[in-house]
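Peer 1: Compute the structure for the input listed below.
(one chain, ligands or ions: 1)
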Amino acid sequence: MHTLRLAALSAGLKAKKFSSAELTRGFLQRIAAHDKQLNAFVTVAEESALKQANAADARLAKGQAVALTGVPLAQKDIFCTQGVKTTCGSKMLANFIAPYSATVVQRCDDAGMVMLGKTNMDEFAMGSSNETSYFGPVRNPYDLNAVPGGSSGGSAAAVAARLAPIATGTDTGGSIRQPAALCNLTGLKPTYGRVSRYGMIAFASSLDQGGPMARSAEDVALLMNVIAGFDSNDSTSVDTPVPDYTADLTKSLAGLRIGIPKEFFGQGLDTKVEQVIRDALKQYERLGAKIKEISLPNSGLSVPTYYVVAPAECSSNLSRFDGVRYGYRCDQPVDLVDLYKRSRGEGFGAEVKRRIMIGTYALSSGYYDAYYLKAQKLRRLISDDFKNAYKEIDVIMGPTSPTVAFNLGEKTDDPVTMYLSDIYTIAVNLAGIPGMSIPVGFVGQRPVGLQLMGNYFDEARLLNIAHQYQQATDWHLRAPKGFE
Ligand code: GLN
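Peer 2: Numbers count the residues shown, from 1 in each chain. Have a look, this model is predicted:
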(Lines give C-alpha, C1' and ligand atoms only; values in the text may rest on other atoms or scores of the structure.)
Protein backbone atom coordinates (compact mmCIF):
# COMPACT_ATOMS: atom_id res chain seq x y z
CA MET A 1 0.00 0.00 0.00
CA HIS A 2 2.92 2.36 0.63
CA THR A 3 3.60 2.51 -3.12
CA LEU A 4 0.16 3.92 -3.95
CA ARG A 5 -0.35 7.59 -4.63
CA LEU A 6 -3.18 9.72 -3.25
CA ALA A 7 -5.87 9.08 -5.87
CA ALA A 8 -5.39 5.30 -5.54
CA LEU A 9 -5.33 5.49 -1.74
CA SER A 10 -8.53 7.49 -1.73
CA ALA A 11 -10.23 5.10 -4.19
CA GLY A 12 -9.04 2.05 -2.20
CA LEU A 13 -10.45 3.50 1.02
CA LYS A 14 -13.79 4.29 -0.58
CA ALA A 15 -13.99 0.80 -2.17
CA LYS A 16 -13.10 -0.71 1.25
CA LYS A 17 -10.06 -2.52 -0.18
CA PHE A 18 -8.30 -1.43 2.99
CA SER A 19 -9.22 0.67 6.00
CA SER A 20 -7.55 3.87 7.12
CA ALA A 21 -6.46 2.04 10.29
CA GLU A 22 -4.67 -0.63 8.19
CA LEU A 23 -3.10 2.02 6.02
CA THR A 24 -1.95 4.02 9.03
CA ARG A 25 -0.49 0.98 10.79
CA GLY A 26 1.34 0.09 7.58
CA PHE A 27 3.01 3.49 7.38
CA LEU A 28 3.79 3.52 11.11
CA GLN A 29 5.52 0.16 10.65
CA ARG A 30 7.55 1.51 7.74
CA ILE A 31 8.58 4.50 9.84
CA ALA A 32 9.62 2.17 12.67
CA ALA A 33 11.63 0.00 10.27
CA HIS A 34 13.36 2.71 8.21
CA ASP A 35 13.51 6.00 10.05
CA LYS A 36 16.53 5.09 12.17
CA GLN A 37 18.51 5.36 8.94
CA LEU A 38 16.95 8.62 7.79
CA ASN A 39 15.97 10.65 10.91
CA ALA A 40 13.10 12.17 8.92
CA PHE A 41 10.70 12.38 11.87
CA VAL A 42 11.13 14.36 15.09
CA THR A 43 7.87 12.98 16.47
CA VAL A 44 5.85 9.96 15.41
CA ALA A 45 2.26 10.54 16.55
CA GLU A 46 1.26 6.91 16.74
CA GLU A 47 -1.56 7.20 19.24
CA SER A 48 -3.30 10.23 17.75
CA ALA A 49 -2.79 8.85 14.23
CA LEU A 50 -4.64 5.64 15.05
CA LYS A 51 -7.43 7.66 16.69
CA GLN A 52 -7.75 9.82 13.58
CA ALA A 53 -7.70 6.70 11.38
CA ASN A 54 -10.53 5.09 13.32
CA ALA A 55 -12.56 8.29 13.09
CA ALA A 56 -11.89 8.38 9.34
CA ASP A 57 -13.05 4.78 8.98
CA ALA A 58 -16.28 5.64 10.78
CA ARG A 59 -16.77 8.62 8.48
CA LEU A 60 -16.08 6.45 5.40
CA ALA A 61 -18.59 3.87 6.63
CA LYS A 62 -21.27 6.57 6.99
CA GLY A 63 -20.62 7.78 3.45
CA GLN A 64 -19.50 11.19 4.78
CA ALA A 65 -15.98 11.07 3.43
CA VAL A 66 -14.40 13.79 1.28
CA ALA A 67 -11.54 13.23 -1.20
CA LEU A 68 -8.68 12.63 1.25
CA THR A 69 -10.55 11.23 4.27
CA GLY A 70 -8.45 8.46 5.81
CA VAL A 71 -5.29 9.30 3.82
CA PRO A 72 -2.16 9.66 6.00
CA LEU A 73 0.30 12.57 5.76
CA ALA A 74 3.27 14.02 7.62
CA GLN A 75 3.42 17.65 8.78
CA LYS A 76 6.61 19.67 8.84
CA ASP A 77 7.44 20.39 12.47
CA ILE A 78 7.02 24.14 11.88
CA PHE A 79 3.20 23.80 11.86
CA CYS A 80 1.64 24.01 15.31
CA THR A 81 -0.30 20.90 16.27
CA GLN A 82 -2.53 20.94 19.31
CA GLY A 83 -1.61 18.07 21.62
CA VAL A 84 1.48 16.96 19.64
CA LYS A 85 4.93 18.54 20.14
CA THR A 86 6.01 21.31 17.72
CA THR A 87 9.78 21.85 17.86
CA CYS A 88 10.64 23.84 14.71
CA GLY A 89 13.90 21.87 14.76
CA SER A 90 15.11 23.85 17.79
CA LYS A 91 16.19 23.23 21.36
CA MET A 92 14.20 26.42 22.07
CA LEU A 93 10.95 24.53 21.39
CA ALA A 94 12.12 20.98 22.09
CA ASN A 95 9.23 20.40 24.54
CA PHE A 96 6.69 22.86 23.21
CA ILE A 97 3.08 21.75 22.84
CA ALA A 98 1.02 24.37 21.03
CA PRO A 99 -2.38 25.29 22.47
CA TYR A 100 -3.90 25.36 18.98
CA SER A 101 -3.33 23.89 15.51
CA ALA A 102 -2.16 25.79 12.44
CA THR A 103 -4.86 26.43 9.84
CA VAL A 104 -3.09 24.05 7.42
CA VAL A 105 -3.19 21.30 10.06
CA GLN A 106 -6.78 22.10 11.02
CA ARG A 107 -7.88 21.84 7.39
CA CYS A 108 -6.18 18.45 7.00
CA ASP A 109 -7.83 17.30 10.24
CA ASP A 110 -11.23 18.56 9.10
CA ALA A 111 -10.83 16.63 5.82
CA GLY A 112 -10.29 13.48 7.90
CA MET A 113 -6.62 13.05 6.99
CA VAL A 114 -4.37 11.17 9.40
CA MET A 115 -1.22 12.86 10.73
CA LEU A 116 1.54 10.25 11.06
CA GLY A 117 3.98 12.63 12.70
CA LYS A 118 6.09 15.77 12.53
CA THR A 119 9.07 15.95 10.23
CA ASN A 120 12.60 17.08 10.94
CA MET A 121 13.79 20.42 9.56
CA ASP A 122 16.54 22.98 9.73
CA GLU A 123 16.27 25.02 12.93
CA PHE A 124 13.50 27.62 12.43
CA ALA A 125 13.67 26.69 8.70
CA MET A 126 17.09 28.31 8.30
CA GLY A 127 19.20 26.11 6.08
CA SER A 128 19.47 24.22 2.82
CA SER A 129 20.63 20.83 4.03
CA ASN A 130 18.70 19.94 7.19
CA GLU A 131 21.99 20.00 9.08
CA THR A 132 21.08 22.89 11.41
CA SER A 133 18.36 20.84 13.16
CA TYR A 134 18.78 20.41 16.92
CA PHE A 135 17.54 16.84 16.32
CA GLY A 136 20.39 15.91 13.99
CA PRO A 137 20.69 15.80 10.22
CA VAL A 138 18.36 13.91 7.88
CA ARG A 139 19.78 11.57 5.26
CA ASN A 140 18.78 11.45 1.61
CA PRO A 141 17.12 8.08 0.82
CA TYR A 142 18.70 8.14 -2.68
CA ASP A 143 22.16 8.20 -1.12
CA LEU A 144 22.59 8.01 2.63
CA ASN A 145 25.84 10.02 2.44
CA ALA A 146 23.99 12.94 0.91
CA VAL A 147 21.81 15.65 2.43
CA PRO A 148 18.09 15.67 1.55
CA GLY A 149 18.13 19.46 1.11
CA GLY A 150 16.42 21.87 3.45
CA SER A 151 14.83 23.24 5.29
CA SER A 152 11.96 20.77 4.67
CA GLY A 153 14.44 17.86 4.55
CA GLY A 154 12.48 15.56 6.84
CA SER A 155 9.31 15.90 4.76
CA ALA A 156 11.31 15.25 1.58
CA ALA A 157 13.07 12.15 2.96
CA ALA A 158 9.84 10.77 4.44
CA VAL A 159 7.89 11.02 1.19
CA ALA A 160 10.78 9.86 -1.01
CA ALA A 161 11.32 6.79 1.20
CA ARG A 162 7.59 6.01 1.13
CA LEU A 163 7.25 6.54 4.90
CA ALA A 164 4.35 8.90 4.20
CA PRO A 165 2.31 9.30 1.01
CA ILE A 166 2.56 13.12 1.14
CA ALA A 167 3.84 15.85 3.45
CA THR A 168 3.72 19.57 3.99
CA GLY A 169 6.71 21.86 3.73
CA THR A 170 7.37 25.58 3.96
CA ASP A 171 9.39 27.71 1.58
CA THR A 172 10.94 31.06 2.51
CA GLY A 173 13.76 30.95 -0.03
CA GLY A 174 13.47 27.49 -1.57
CA SER A 175 12.75 25.06 1.26
CA ILE A 176 9.99 23.15 -0.54
CA ARG A 177 11.48 23.21 -4.04
CA GLN A 178 15.14 22.49 -3.25
CA PRO A 179 14.57 19.39 -1.06
CA ALA A 180 11.94 18.21 -3.56
CA ALA A 181 14.59 18.45 -6.28
CA LEU A 182 17.22 16.65 -4.22
CA CYS A 183 14.81 13.81 -3.31
CA ASN A 184 13.03 13.28 -6.65
CA LEU A 185 9.73 14.80 -5.51
CA THR A 186 7.14 17.22 -6.82
CA GLY A 187 6.85 20.26 -4.55
CA LEU A 188 4.84 23.46 -4.84
CA LYS A 189 5.45 26.80 -3.18
CA PRO A 190 2.14 28.59 -3.72
CA THR A 191 1.67 32.31 -4.38
CA TYR A 192 2.29 34.33 -1.21
CA GLY A 193 -1.07 34.54 0.56
CA ARG A 194 -2.64 31.47 -1.04
CA VAL A 195 -2.04 29.14 1.94
CA SER A 196 -2.58 30.43 5.48
CA ARG A 197 0.47 31.12 7.65
CA TYR A 198 -1.59 31.04 10.86
CA GLY A 199 0.12 28.68 13.28
CA MET A 200 3.11 28.24 10.97
CA ILE A 201 6.04 29.39 13.11
CA ALA A 202 7.35 32.58 11.51
CA PHE A 203 10.84 32.86 10.04
CA ALA A 204 10.56 35.74 7.53
CA SER A 205 6.88 36.63 7.40
CA SER A 206 6.86 38.42 4.03
CA LEU A 207 8.44 35.38 2.33
CA ASP A 208 7.18 32.28 4.21
CA GLN A 209 4.62 30.10 2.44
CA GLY A 210 3.49 26.53 3.10
CA GLY A 211 2.73 23.92 0.45
CA PRO A 212 2.68 20.22 -0.48
CA MET A 213 5.61 17.86 -1.14
CA ALA A 214 4.51 14.74 -2.98
CA ARG A 215 5.32 12.07 -5.54
CA SER A 216 3.30 13.61 -8.37
CA ALA A 217 1.64 16.83 -9.50
CA GLU A 218 -1.76 15.17 -9.11
CA ASP A 219 -1.02 14.48 -5.43
CA VAL A 220 0.07 18.08 -4.93
CA ALA A 221 -3.20 19.26 -6.52
CA LEU A 222 -5.25 17.03 -4.22
CA LEU A 223 -3.58 18.42 -1.08
CA MET A 224 -3.82 22.00 -2.37
CA ASN A 225 -7.58 21.48 -2.61
CA VAL A 226 -7.52 20.86 1.16
CA ILE A 227 -5.10 23.53 2.41
CA ALA A 228 -5.45 26.53 0.05
CA GLY A 229 -7.81 29.42 0.65
CA PHE A 230 -8.60 32.53 2.62
CA ASP A 231 -8.11 32.55 6.38
CA SER A 232 -9.24 35.53 8.45
CA ASN A 233 -6.60 34.57 11.06
CA ASP A 234 -3.80 35.48 8.63
CA SER A 235 -3.84 39.15 7.63
CA THR A 236 -1.78 38.42 4.50
CA SER A 237 -4.10 35.65 3.33
CA VAL A 238 -5.69 36.56 0.01
CA ASP A 239 -9.45 36.31 -0.43
CA THR A 240 -9.73 35.13 -4.04
CA PRO A 241 -11.65 32.02 -5.15
CA VAL A 242 -9.79 28.70 -4.92
CA PRO A 243 -10.10 26.61 -8.09
CA ASP A 244 -10.30 22.81 -8.11
CA TYR A 245 -6.58 22.20 -8.65
CA THR A 246 -7.23 18.83 -10.32
CA ALA A 247 -9.62 20.27 -12.94
CA ASP A 248 -7.04 21.41 -15.51
CA LEU A 249 -4.39 18.70 -15.08
CA THR A 250 -5.07 17.03 -18.42
CA LYS A 251 -5.20 20.17 -20.60
CA SER A 252 -2.93 20.07 -23.65
CA LEU A 253 0.29 22.05 -23.59
CA ALA A 254 0.14 22.86 -27.31
CA GLY A 255 1.24 26.45 -27.80
CA LEU A 256 2.53 26.86 -24.22
CA ARG A 257 5.12 29.66 -24.13
CA ILE A 258 8.09 28.75 -21.92
CA GLY A 259 10.67 31.39 -20.99
CA ILE A 260 14.20 30.26 -20.17
CA PRO A 261 16.10 32.92 -18.23
CA LYS A 262 19.67 33.08 -19.47
CA GLU A 263 20.81 34.08 -15.96
CA PHE A 264 19.83 30.60 -14.71
CA PHE A 265 22.30 28.82 -17.01
CA GLY A 266 25.48 30.68 -16.21
CA GLN A 267 28.48 30.09 -14.00
CA GLY A 268 27.86 27.83 -11.01
CA LEU A 269 25.42 25.48 -12.73
CA ASP A 270 26.79 21.94 -12.77
CA THR A 271 27.19 20.84 -16.41
CA LYS A 272 25.60 17.43 -15.82
CA VAL A 273 22.60 19.03 -14.12
CA GLU A 274 22.35 21.44 -17.05
CA GLN A 275 22.23 18.53 -19.51
CA VAL A 276 19.36 16.89 -17.63
CA ILE A 277 17.46 20.21 -17.56
CA ARG A 278 18.00 20.74 -21.31
CA ASP A 279 16.66 17.23 -22.00
CA ALA A 280 13.55 18.00 -19.95
CA LEU A 281 12.99 21.18 -21.98
CA LYS A 282 13.17 19.10 -25.18
CA GLN A 283 10.44 16.88 -23.76
CA TYR A 284 8.30 20.00 -23.31
CA GLU A 285 8.88 20.90 -26.95
CA ARG A 286 7.65 17.43 -27.90
CA LEU A 287 4.52 18.17 -25.85
CA GLY A 288 3.87 21.22 -28.03
CA ALA A 289 5.50 24.02 -26.05
CA LYS A 290 7.53 26.84 -27.56
CA ILE A 291 10.75 27.85 -25.85
CA LYS A 292 12.11 31.37 -25.77
CA GLU A 293 15.20 32.73 -24.08
CA ILE A 294 14.38 35.58 -21.71
CA SER A 295 16.26 37.72 -19.23
CA LEU A 296 15.58 38.38 -15.55
CA PRO A 297 18.26 41.07 -15.31
CA ASN A 298 18.10 41.57 -11.55
CA SER A 299 17.99 37.90 -10.54
CA GLY A 300 21.69 37.99 -9.65
CA LEU A 301 20.80 40.32 -6.79
CA SER A 302 18.31 37.93 -5.22
CA VAL A 303 20.67 36.10 -2.83
CA PRO A 304 22.17 39.29 -1.30
CA THR A 305 18.72 40.90 -1.14
CA TYR A 306 17.26 37.86 0.60
CA TYR A 307 20.11 37.72 3.12
CA VAL A 308 19.19 41.20 4.30
CA VAL A 309 15.38 40.88 4.21
CA ALA A 310 15.09 37.36 5.71
CA PRO A 311 17.48 37.93 8.66
CA ALA A 312 15.87 41.34 9.36
CA GLU A 313 12.44 39.75 9.63
CA CYS A 314 13.76 36.77 11.58
CA SER A 315 15.51 38.99 14.14
CA SER A 316 12.16 40.60 14.83
CA ASN A 317 10.08 37.38 14.75
CA LEU A 318 12.44 35.43 16.99
CA SER A 319 12.50 38.12 19.67
CA ARG A 320 9.39 36.41 21.09
CA PHE A 321 11.58 33.56 22.35
CA ASP A 322 12.73 35.24 25.53
CA GLY A 323 12.59 32.47 28.12
CA VAL A 324 9.56 34.12 29.70
CA ARG A 325 6.40 33.12 27.91
CA TYR A 326 7.16 29.75 26.36
CA GLY A 327 10.02 27.69 25.06
CA TYR A 328 13.40 27.01 26.64
CA ARG A 329 14.33 28.76 29.90
CA CYS A 330 17.85 28.66 31.34
CA ASP A 331 18.48 27.26 34.83
CA GLN A 332 18.40 29.65 37.78
CA PRO A 333 18.70 33.07 36.14
CA VAL A 334 20.11 35.69 38.50
CA ASP A 335 18.09 38.55 36.99
CA LEU A 336 16.00 39.41 33.94
CA VAL A 337 18.92 40.22 31.65
CA ASP A 338 20.61 36.96 32.58
CA LEU A 339 17.33 35.13 31.85
CA TYR A 340 17.11 36.65 28.36
CA LYS A 341 20.77 36.19 27.56
CA ARG A 342 21.19 32.62 28.67
CA SER A 343 17.77 31.36 27.50
CA ARG A 344 18.46 32.66 24.00
CA GLY A 345 22.16 31.83 24.10
CA GLU A 346 21.53 28.24 25.12
CA GLY A 347 18.25 27.73 23.21
CA PHE A 348 19.28 28.84 19.70
CA GLY A 349 21.83 27.14 17.45
CA ALA A 350 24.68 28.84 15.57
CA GLU A 351 22.90 29.52 12.26
CA VAL A 352 19.88 31.08 13.97
CA LYS A 353 22.17 33.33 16.03
CA ARG A 354 24.07 34.36 12.91
CA ARG A 355 20.81 35.40 11.22
CA ILE A 356 19.55 37.30 14.28
CA MET A 357 22.81 39.24 14.45
CA ILE A 358 22.83 40.08 10.73
CA GLY A 359 19.18 41.13 10.89
CA THR A 360 19.56 43.25 14.00
CA TYR A 361 22.54 45.00 12.42
CA ALA A 362 20.69 45.66 9.16
CA LEU A 363 17.73 47.16 11.02
CA SER A 364 19.72 49.30 13.42
CA SER A 365 19.62 53.05 13.22
CA GLY A 366 22.19 54.35 10.77
CA TYR A 367 22.32 51.09 8.81
CA TYR A 368 18.63 50.72 8.03
CA ASP A 369 18.74 52.91 4.90
CA ALA A 370 21.96 51.38 3.63
CA TYR A 371 20.82 47.76 3.98
CA TYR A 372 17.15 47.14 4.71
CA LEU A 373 15.68 49.97 2.66
CA LYS A 374 18.06 49.23 -0.22
CA ALA A 375 17.07 45.54 -0.12
CA GLN A 376 13.38 46.48 -0.29
CA LYS A 377 14.06 48.54 -3.40
CA LEU A 378 15.94 45.66 -5.02
CA ARG A 379 13.06 43.38 -4.12
CA ARG A 380 10.76 45.56 -6.20
CA LEU A 381 13.14 45.40 -9.18
CA ILE A 382 13.31 41.61 -8.92
CA SER A 383 9.49 41.36 -8.87
CA ASP A 384 9.23 43.71 -11.85
CA ASP A 385 11.52 41.41 -13.87
CA PHE A 386 8.95 38.64 -13.48
CA LYS A 387 6.01 40.93 -14.25
CA ASN A 388 7.69 42.02 -17.48
CA ALA A 389 8.54 38.45 -18.45
CA TYR A 390 4.95 37.24 -18.08
CA LYS A 391 3.82 39.77 -20.70
CA GLU A 392 5.18 37.47 -23.37
CA ILE A 393 5.44 33.98 -21.87
CA ASP A 394 3.25 31.68 -19.73
CA VAL A 395 5.79 29.97 -17.51
CA ILE A 396 9.48 30.28 -16.69
CA MET A 397 11.64 27.17 -16.42
CA GLY A 398 15.15 26.45 -15.22
CA PRO A 399 17.07 24.35 -12.72
CA THR A 400 15.80 24.24 -9.12
CA SER A 401 19.27 23.74 -7.68
CA PRO A 402 22.71 24.36 -9.23
CA THR A 403 23.92 20.90 -8.15
CA VAL A 404 22.50 17.54 -7.10
CA ALA A 405 22.45 16.68 -3.39
CA PHE A 406 25.84 17.33 -1.76
CA ASN A 407 27.47 15.20 0.92
CA LEU A 408 26.66 15.58 4.60
CA GLY A 409 29.14 17.99 6.18
CA GLU A 410 30.37 19.27 2.82
CA LYS A 411 29.14 22.87 3.24
CA THR A 412 28.54 23.22 6.98
CA ASP A 413 31.70 25.29 7.58
CA ASP A 414 30.98 27.72 4.78
CA PRO A 415 27.65 29.55 5.16
CA VAL A 416 28.02 31.56 1.95
CA THR A 417 28.46 28.43 -0.19
CA MET A 418 25.45 26.96 1.60
CA TYR A 419 23.41 30.13 0.86
CA LEU A 420 24.18 29.75 -2.86
CA SER A 421 22.22 26.46 -2.91
CA ASP A 422 19.13 28.65 -3.26
CA ILE A 423 20.42 30.89 -6.02
CA TYR A 424 17.61 29.87 -8.40
CA THR A 425 14.75 29.63 -5.90
CA ILE A 426 14.98 32.83 -3.84
CA ALA A 427 13.77 35.33 -6.47
CA VAL A 428 10.40 33.54 -6.54
CA ASN A 429 9.87 34.22 -2.82
CA LEU A 430 10.99 37.84 -3.12
CA ALA A 431 8.40 38.34 -5.89
CA GLY A 432 5.73 36.23 -4.15
CA ILE A 433 4.94 34.18 -7.28
CA PRO A 434 4.30 30.38 -7.24
CA GLY A 435 7.14 27.96 -7.97
CA MET A 436 7.39 24.20 -8.36
CA SER A 437 10.06 21.57 -8.67
CA ILE A 438 9.50 18.33 -10.58
CA PRO A 439 11.73 15.26 -11.07
CA VAL A 440 13.45 15.20 -14.48
CA GLY A 441 16.34 12.77 -14.16
CA PHE A 442 19.47 11.79 -12.27
CA VAL A 443 23.21 12.42 -12.14
CA GLY A 444 24.51 9.08 -10.92
CA GLN A 445 22.01 8.06 -8.26
CA ARG A 446 21.19 11.64 -7.20
CA PRO A 447 18.00 13.30 -8.54
CA VAL A 448 17.65 16.53 -10.54
CA GLY A 449 14.66 18.89 -10.33
CA LEU A 450 13.27 21.24 -12.97
CA GLN A 451 11.83 24.47 -11.60
CA LEU A 452 8.58 25.90 -12.99
CA MET A 453 7.77 29.51 -12.08
CA GLY A 454 4.30 30.89 -12.74
CA ASN A 455 2.50 34.20 -12.59
CA TYR A 456 0.56 35.15 -9.43
CA PHE A 457 -2.15 32.59 -8.56
CA ASP A 458 -1.26 30.41 -11.55
CA GLU A 459 -0.88 27.25 -9.43
CA ALA A 460 -3.47 25.32 -11.47
CA ARG A 461 -1.54 26.09 -14.67
CA LEU A 462 1.77 24.99 -13.10
CA LEU A 463 0.20 21.75 -11.93
CA ASN A 464 -1.16 21.13 -15.45
CA ILE A 465 2.31 21.76 -16.93
CA ALA A 466 3.90 19.40 -14.40
CA HIS A 467 1.23 16.72 -14.79
CA GLN A 468 1.54 16.61 -18.59
CA TYR A 469 5.29 16.03 -18.27
CA GLN A 470 4.63 13.26 -15.75
CA GLN A 471 2.18 11.60 -18.14
CA ALA A 472 4.96 11.40 -20.74
CA THR A 473 7.88 10.42 -18.46
CA ASP A 474 8.51 8.16 -15.49
CA TRP A 475 11.21 9.96 -13.47
CA HIS A 476 8.71 10.74 -10.71
CA LEU A 477 7.91 7.03 -10.38
CA ARG A 478 11.50 6.03 -9.52
CA ALA A 479 12.01 4.98 -5.91
CA PRO A 480 15.22 4.99 -3.89
CA LYS A 481 16.92 1.58 -3.54
CA GLY A 482 16.06 -0.11 -0.28
CA PHE A 483 12.87 1.95 0.15
CA GLU A 484 10.77 0.61 -2.74
N1 GLN B 1 17.93 28.00 2.51
C2 GLN B 1 17.28 29.27 2.70
C3 GLN B 1 17.64 29.82 4.05
O4 GLN B 1 18.45 29.25 4.69
C5 GLN B 1 15.79 29.11 2.57
C6 GLN B 1 15.16 28.45 3.73
C7 GLN B 1 13.69 28.34 3.60
O8 GLN B 1 13.13 28.42 2.51
N9 GLN B 1 13.04 28.14 4.72
O10 GLN B 1 17.15 30.81 4.49
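Peer 1: Close to the ligand: what parts of the stretch 251-400 of the chain are there?
Peer 2: Within the stretch 251-400 of the chain, the positions lying close to the ligand (C-beta under 6 Å from any ligand atom) are residue 310. For glycine as for every other residue, the C-beta is placed from the backbone atoms N, C-alpha and C.
Peer 1: could you pull out the strands for the stretch 251-400 of the chain?
Peer 2: Remark: strands assigned in the stretch 251-400 of the chain by DSSP state E, counting those that start in this stretch are 257-261, 290-294, 395-399.
Peer 1: do the stretch 1-150 of the chain as well
Peer 2: 41-44, 72-76, 114-119.
Peer 1: that older thread, need the strands of the stretch 251-400 of the chain in TSV (columns: distance to residue 304 and mean pLDDT).
Peer 2: Formatted as TSV, the strands of the stretch 251-400 of the chain follow (distance: least, C-beta to C-beta, whole Å; pLDDT from 0 to 100):
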stretch	distance to residue 304	mean pLDDT
strand 257-261	18	98
strand 290-294	22	98
strand 395-399	19	98
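Peer 1: Out of the ones you listed, which is the most enclosed?
Peer 2: Most buried of the strands of the stretch 251-400 of the chain by mean neighbour count (mean count of other C-beta atoms under 10 Å) is strand 395-399; its value is a mean of 24.
Peer 1: residue ranges with poor pLDDT in the stretch 51-200 of the chain?
Peer 2: Counting by pLDDT under 70, the stretch 51-200 of the chain has no low-confidence residues at all.
Peer 1: wait, the stretch 201-350 of the chain
Peer 2: Of all residues in the stretch 201-350 of the chain, none has pLDDT under 70.
Peer 1: how many other residues sit next to residue 57?
Peer 2: Close neighbours of residue 57, defined as other C-beta atoms under 10 Å, add up to 22.
Peer 1: wait, doesn't it sit right on residue 21?
Peer 2: Yes. Using C-beta atoms under 8 Å, residue 57 is in contact with residue 21, at 5.8 Å.
Peer 1: Please state the backbone phi and psi of residue 266?
Peer 2: phi -100, psi -150 (degrees, to the nearest 10).
Peer 1: I'd like the distance between it and residue 482.
Peer 2: According to C-beta to C-beta, to the nearest Å, residue 266 stands 37 Å off from residue 482.
Peer 1: got it, and residue 431?
Peer 2: Distance from residue 431 to residue 482, counting by C-beta to C-beta: 39 Å.
Peer 1: Looking at these two, which is more packed in?
Peer 2: Remark: of residue 431 and residue 482, residue 431 carries more neighbours, 25 against 11, as counted by other C-beta under 10 Å.
Peer 1: who's in contact with that one?
Peer 2: For residue 431, the contact set (C-beta atoms under 8 Å, 6 or more residues apart in numbering) comprises 382-383, 385-386.
Peer 1: Could you dump the residues you listed into TSV with neighbour count and pLDDT added?
Peer 2: Formatted as TSV, the contacts of residue 431 follow (neighbours: other C-beta atoms under 10 Å; pLDDT from 0 to 100):
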residue	neighbour count	pLDDT
382	24	98
383	17	98
385	22	98
386	24	98
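Peer 1: out of those residues, who's nearest the ligand?
Peer 2: Of all the contacts of residue 431, the ligand sits closest to residue 382, with 15.7 Å by C-beta to the nearest ligand atom.
Peer 1: which residues sit in contact with that closest one?
Peer 2: 296, 298-299, 301-302, 305, 427, 430-431.
Peer 1: Check residue 11 too.
Peer 2: Neighbouring residues of residue 11 by C-beta under 8 Å, 6+ apart: there are none.
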